[in-house]
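Asks: need a structure here:
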Amino acid sequence: MFEATQNVMLKPTETWREALLDTRVMDLFFTVHRKIREDSDMAQDSLQCLAQLASMHGPVFPDEGAQVSYLAHLVEGLLSMINGIEIEDSEAMGISNIISNLITMFPRTCLTALPSDLFTSFINCLTLLTCSFGRSAALEEVLDKDDMVYMEAYDKLLESWLTLVQDEEHFPRGCFVQPAIQVFNSYIQCHLAAPDGTRNLSVNGISSHEEEEINELQEDDRELFCDQLSSIGMLGRVAADHCIPLLTNLLEDRVTRLHGQLQRTQQHFMATSDPESMDRKVLDDLYEDIHWLILVSGYVLADDCQGETPLIPSEVMEFSIKHSTEVDINTTLQILGSPGEKASSIPGCNRTDSVIRLLSAVLRTSEVESRATRASLTCLLSPQMGKDIMWFLRRWAKTYLLVDEKLYEQISIPLITAFGADTEGAQWIVGYLLEKVINNLSVWSSEPGLANDTVELLVTLVEKRERANIVVQCEGWWSLAKQFASRSPPLHLLSSPVQRTLMKALVLGGFAHMDSDAKQQYWAEVLHPLQQRFLNLINQENFAQISQQEAVKQEIIATLEALCGIAEATQIDNVVQLFSFLMDFLSSCIGLMEVYSNTPETINLIIEVFVEVAHKQICYLGEAKCMKLYEACLTLLQVYAKNNQNRKRCDAGAEEEQYQDLLLIMELLTNLLSKEFIDFSDTDEVFRNQDQGTPTSSRPVSAADVVLYGVNIVLPLMSQDLLKFPSLCNQYYKLITFICEIFPEKIPQLPEELFKSLMFSLELGMTSMSSEVSQLCLEALSPLAEQCAKNQEKDTPLFIATRHFLKLVFDMLVLQKHNTEMTVAAGEALYTLVCLHQAEYSELVEALLSSQRDAVIYQRLADAFNKLTASSSPPTMDRKQKVAFLKSLEEFVSNVGGLLCVK
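Replies: Sure, this is the predicted structure:
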């Protein structure tokens, strides 16, 4: 009934109570596992059974007492099983699933109601298992194993810790501190080189060359291990008294050793003419240690809050407040402001705030790196370390820089003194970070990853107005803006995405607080040259002839990237100026579509400008401004359609990149549709002082016109071969689902061939694509059925199509394996289709029942179907009835779904 890979939760009805609450049943499963655990396949099955028993919830428990005694017996059985064996590789994932289910599914009150010695034994066992799986996971990495069973099991256990410590208030105070210290220490040890750690210790004779290759593959550890790092960061906060000073000591030690090693290497360079003769192993080990220490520090000190105001974690704040009486603020600020000095060389260094001291250790790392570049030792540095420093400082700045005390119930005096608004510390650090950004862009322009992290830090410094106000007072900011606007070296060597983000930062900075003369001068130096150079170039009489010259193409590409960056800088308080500025360019961009019709990269970039403008600005635009944008998009699509009239797209072996234009067109159409459900223009009236203008044509162009015109282009091109590309497939189905949801009334009006294509696409998506796509198609069916019901027209193509979809959805829910997450989307679709085609639904049920030879199964099915529709008889398009139907459906699927599941 369900996908095999799913960790299905067990929710039996009360009829199972007597059987499943009998302790002998659970004992039997533990006994069976002990007997068959040597056979890895059977062991996985028996552990899957135990994992399901550990997830049991719902009406099977008469009360909380029954739940607690069931849980106690389960934990006793689990501890007895684990303590008596040496865990096999094949058991690791199963055991971690049991623990994860138990922690996730049982209420906190049940866990705390366990006898205290049993709860303590469970937490100790979880601690030892986590440390053991962590060491085995590290070993898997060194051996570069394909099947990372311990890594998966370790991830699962760390998620369980995260669940527990996030609900810390329910448990005895401080009960997780010692376990947190053990798991944290173990993680750090596995990621440090010997002698402090166990990373890359020779295993089965692995050579350092192979280790280097493994390290090469781990370029993006902060993405690859973000879930692990989140859990370790949380555990580090729980035991902040131990973990923050530990990280500081380890990082300060590594940076001191790095500084000394770079100095020795410089002397070695001077003494020898062969730089290759030097062994880099010591440096590489130091860089790898620093890499992990900075990553863990970043996750301990701050969260990555997408779309929310990032706050200093309460545990870190409490830790800083608790020790503030022992802190000498002046010494703390001296260490913070002296990244060129060793912290331990400053008198009174032990009386400093530990949170600020950890930041100072990262700034010290940054300073050692900067000094090495000035001493022409860049070739010895690690770009990865540079990336880590930028990532950490960005994450830190979002949370701590200009900390707003109004957001906190209690505030640490050292933190507010060092980083609060109107403090010298905040001004100093903004200046220091800006200087670091400028230095990086000059030294590391050929390292796209590091340059990108650097400009992202710059965006962080200016995206909040309060921080930007300090940034624009720095001379370095103005010289950076002038240098970029004039395309001076080395900034013109930066990769296109980096130039785009740099433009975004420069535009955001321009909206900081300045007097009107300074602001006018700033825009004249940043945006005016861009406009002038572009117009001078495209208005040349011989532009068509010179357009393919490399220098001209590069200028056009740089301008288009800059326009994307300007659009990305849109905020509600700058959209007026930026929309007007960008609209002047859009018509010129459409003209470029003709000139560069045979240059796909440039065409894609032109479409991307429109995509970004629609994505970032449409939600703020009033009706007249929207009309202008719709008209520009429609013209773009018309030119695109004309240029693609005879283009063949049937090469199944082609790369996905060749279809980037289609992907962008679909993204543009989806962004235009978003106006229908995300619209801030009326409430905020951002354009109220602007001339609203009047529509230029007699009938205004609507989003529906543009989108349906776009669909006319896209649908015929989307062959089944193209749908094999995941990004194209997902974007395509997202688009057609949006259209069905937002403009269902337009679907019956589509030309016959287009309508058939759309219906075929929906069927294909439901039956042959990923569960995510299948869910999108199911979501598209409800509004289509509702549209049919509204029109009350029988025998229309849409009415006939929905009748066909009724059978498909019915079969999917009743006869086929499907993902549990699909049940709600399929249920909603089924309900609206049943409302529309009640007679056909009855026929499907009758046909299914009459095909049953077994009388018991026949009766179970008949009862289940009667119960399913009892709450909505006859079914109508009523929300209350639909909710009741969905509740009944959940019970229906769990009771009889497995009886009919076609393998």
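Asks: how close does I606 sit to I665?
Replies: From I606 across to I665, the span is 11 Å (C-beta to C-beta, to the nearest Å). Yep, even glycine has a C-beta here, placed from its N, CA and C like the rest.
Asks: Flag the shaky bits of the stretch 251-400 of the chain, pLDDT-wise.
Replies: Applying pLDDT under 70 to the stretch 251-400 of the chain flags residues 273-278.
Asks: next one: the chain
Replies: For the chain, the ranges with pLDDT under 70 are 1-8, 201-219, 273-278, 646-657, 677-699, 818-819, 871-873, 897-903.
Asks: May I ask you to name the longest helix in it?
Replies: helix 240-271 (DSSP state H).
Asks: Tell me the buried residues in it?
Replies: Residues 240, 242-244, 246-248, 250-255, 257-259, 261-262, 265, 269 are the ones in helix 240-271 that count as buried (16 or more other C-beta atoms under 10 Å).
Asks: next one: stretch 152-162
Replies: 152-162.
Asks: what does stretch 367-386 give?
Replies: 367-370, 372-373, 377, 380-386.
Asks: mind listing the helices for the stretch 51-200 of the chain?
Replies: Secondary structure of the stretch 51-200 of the chain (DSSP state H, counting those that start in this stretch): helices at 64-83, 89-105, 108-113, 116-142, 149-166, 177-191.
Asks: Now do the longest one and helix 149-166, the angle between them.
Replies: Right, the one you point to is helix 116-142. 140 degrees (axes from the mean of the first three to the mean of the last three C-alpha atoms, to 10 degrees).
Asks: Tabulate the helices of the stretch 51-200 of the chain (JSON lines), appending distance to L458.
Replies: Putting the helices of the stretch 51-200 of the chain into JSON lines (distance: least, C-beta to C-beta, whole Å) gives the following:
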{"stretch": "helix 64-83", "distance to L458": "51"}
{"stretch": "helix 89-105", "distance to L458": "40"}
{"stretch": "helix 108-113", "distance to L458": "43"}
{"stretch": "helix 116-142", "distance to L458": "34"}
{"stretch": "helix 149-166", "distance to L458": "32"}
{"stretch": "helix 177-191", "distance to L458": "29"}
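Asks: residue contacts, the residue nearest to Q410 when sequence neighbours are not counted?
Replies: Closest residue in space to Q410, ignoring its immediate chain neighbours: I321 at 6.1 Å, by C-beta to C-beta, 6 or more residues apart in numbering. If you count contacts by C-beta atoms under 8 Å, 6 or more residues apart in numbering, I321 has them with 410-413.
Asks: of the residues you listed, buried ones?
Replies: Here, 16+ other C-beta under 10 Å leaves 411-412 buried among the contacts of I321.
Asks: quick one: which of the contacts of I321 is nearest D22?
Replies: Q410 (51.6 Å; C-beta to C-beta).
Asks: my read: the closest one touches M317, true?
Replies: Yes - with contact defined as C-beta atoms under 8 Å, Q410 counts as touching M317 (7.0 Å).
Asks: Give me the subset of the buried residues of stretch 367-386 that lies in helices.
Replies: 367-370, 372-373, 383-386.
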